[in-house]
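Colleague: Quick one: sequence and predicted model below, then my questions.
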Amino acid sequence: MIIARIIGTVVATQKDERLAGKKLLIAKPINLDGTDQSGYVVSVDTVGAGFRERVLIVAGSSARLAEGNKDCPVDSAIVGVIDSFEVDSQS
Amino acid sequence: MLFTIHDSQKMQLARVIGTVVSTVKNESLEGRKFLIVQTLNADLEPKGKPQVALDAVGAGVGELVFWCRGKEASFPFKRDSTPTDCTIIGIVDSDLHVFNGKRKAENGKL
């Protein structure tokens, strides 16, 4: 799983019928110090995440296991909104 | 035939370096613990970017663990299908329990 920040939305009218009603968001992976990584992912939202929020993203076939994504053509899903994270400086 | 295993297919070692708190999450992740892990190479030096892993064994910060990625990461939670692509599946007893050629030479006894 990766930590990412929501930076935008995608509007798609013509899409696979199993994706109907799903929200597509653009997320940018971030480092633990909050700086951006390169690239971005388009993810299906399963939790109701909002703009600029930090989220947890699951990639690959596991994304289909998320509640609401059963049998959907999905390889990236937002499965959690991050309240906070803590990194031990000694490790 | 020569069969090579790529890094991405291996179970790998990592150090738990932090925790993630998430209240709003997918229903199928309720009650699960998220940990931040720094992946390591065979010499236990940091390699690659830290990742967020789901905990299946009760690991804690500072511990050496092994983890698996991909769809298999959801197998420890079988039956309740859990959306995870990175799961901690074991705790290594201590750093000394990781043997490789180099370490053997350093510690004659081991």
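Modeller: Nice, I can see it.

Colleague: can you give me the strands for chain B?
Modeller: B:12-21, B:34-39, B:51-55, B:64-69, B:86-91 (DSSP state E).

Colleague: Spatially central, which residue of chain A would that be?
Modeller: By CA atoms, centre = their mean, chain A has its centre lying nearest to residue A:78, at 3.2 Å.

Colleague: got the contact list for that residue?
Modeller: Contact criterion CB atoms under 8 Å, 6 or more residues apart in numbering or on different chains gives A:6, A:25, A:27, A:43-47, A:49, A:55-57 as the residues in contact with residue A:78. (Glycine included, C-beta is placed from N, CA and C.)

Colleague: try 6 Å
Modeller: By CB atoms under 6 Å, 6 or more residues apart in numbering or on different chains, the contact set of residue A:78 is A:43, A:45, A:49, A:55, A:57.

Colleague: Please identify the most buried of the strands of chain B.
Modeller: With neighbours taken as mean count of other CB atoms under 10 Å in any protein chain shown, these reach their highest mean count in strand B:51-55, at a mean of 24.

Colleague: I'd like to know if that strand reaches chain A anywhere along the stretch.
Modeller: Yes - if you take CB under 6 Å from any CB of the partner chain as the test, strand B:51-55 does meet chain A, through residue B:52.

Colleague: ok, residues contacting that strand?
Modeller: Against strand B:51-55 from outside (CB under 6 Å, 6+ apart): A:1, A:56, B:20, B:32-37, B:67, B:84, B:86-88.

Colleague: List the strands paired with that strand, with their directions.
Modeller: strand B:34-39 (antiparallel), strand B:86-91 (parallel) (DSSP bridges).
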